[in-house]
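S.K.: how does the following fold in three dimensions:
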Amino acid sequence: MRGTLSLAMAEVNRLRRNKRYLIFTVALPVMLYLIFGKEVATVYGVSFKVFYMVGMASFGAFAGAFNNNLIRISQERKDGWIRQLRLTPLPANAYVVAKIVGSMATTIPSIVIVLLLGRFYGGVTLPIWKWITIAVAIWLGTLIFAALAVALGYMLRPDSVQPIAMLVYFFFTIFGGLWFPLSGGLRKFGEITPTYRVIAISTSVVATGKVSMVNVAVVLIWLVGFVVFAVLAVRATAEAV
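M.R.: Sure, this is the predicted structure:
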């Protein structure tokens, strides 16, 4: 356990020095919220500034958990780093656990910064328990993309991983409604995505003060599905790593 935590800490230290990571997880969501966060409208039963705050916090957190992990895992697998770790006394799952723990730790700043921006720039005022619920919902949602990053990172080669990562990520962010509120048929389609449901959990808490169990159930189904996918991908490539 101590070795796994040390590996996770090394991952955290590496990520916080990664300029591209900081741009996509913190700088870009902040910039977008500064541009669009004061739009006057009502969507999903809440003000647009609340919706966009949640959307941009999710956008940054999910990018941190997915894009950087996916590309890094694929490259480290090619370089033989995973094989070298297996020659150490570390548990067999230490690498995967360290990646997920590192993701969960490094996405906290992006969530907190955007929520603080919503409070002091966007003028969003909520009871403290609603702030906490929103932050936790987004934070736990990053587990879904951390698991997907592990699965695809083990399956894809570095020369093909980046375009696929962008396609997958933008599919979930656009059709999941992180960039703009969905309506009509697009909303019906978006309801099947975990990104839409994370937004729905947060907006439901703000609008009604309740957490929808349907939204939670959909998020959990996606999480279990991607965890199983990750386990199968790791096992399938174990002999080749």
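S.K.: just want the most central residue of the chain.
M.R.: residue 62 (2.0 Å; CA atoms, centre = their mean).
S.K.: what residues are up against it?
M.R.: 141, 142, 145, 169, 172, 173, 178, 195 (CB atoms under 8 Å, 6 or more residues apart in numbering). Backbone N, C-alpha and C define where each C-beta goes, glycine included.
S.K.: could you give the bridge partners of residue 47?
M.R.: Taking DSSP bridges, one obtains residue 42 as the residues bridged to residue 47.
S.K.: show the contacting residues for it.
M.R.: For residue 47, the contacting residues are 40, 41, 124, by CB under 8 Å, 6+ apart.
S.K.: got a pLDDT number for it?
M.R.: Looking at residue 47, its pLDDT stands at 91.
S.K.: got the buried residues for stretch 29-43?
M.R.: 29, 30, 32, 33, 37, 43 (16 or more other CB atoms under 10 Å).
S.K.: so which elements touch the helix or strand that residue 165 is a member of?
M.R.: Using DSSP states H and E, the element containing residue 165 is helix 158-175. Contacting helix 158-175 under the criterion 3 or more CB pairs under 8 Å, 6 or more residues apart in numbering; DSSP states H and E are the following elements: helix 48-79, helix 128-155, helix 184-190, helix 194-208.
S.K.: mind redoing it with 6 Å?
M.R.: helix 48-79 (3 or more CB pairs under 6 Å, 6 or more residues apart in numbering; DSSP states H and E).
S.K.: pretty sure residue 96 sits in a strand.
M.R.: No. Secondary structure assignment (DSSP: H, G, I helix; E, B strand; the rest coil) places residue 96 in helix, not in a strand.
S.K.: and for it, the neighbour number?
M.R.: 21 (other CB atoms under 10 Å).
S.K.: do the same with residue 213
M.R.: 10.
S.K.: ditto for residue 80
M.R.: Residue 80: 10 neighbours (other CB under 10 Å).
S.K.: gap between it and residue 69?
M.R.: 18 Å (CB to CB, to the nearest Å).
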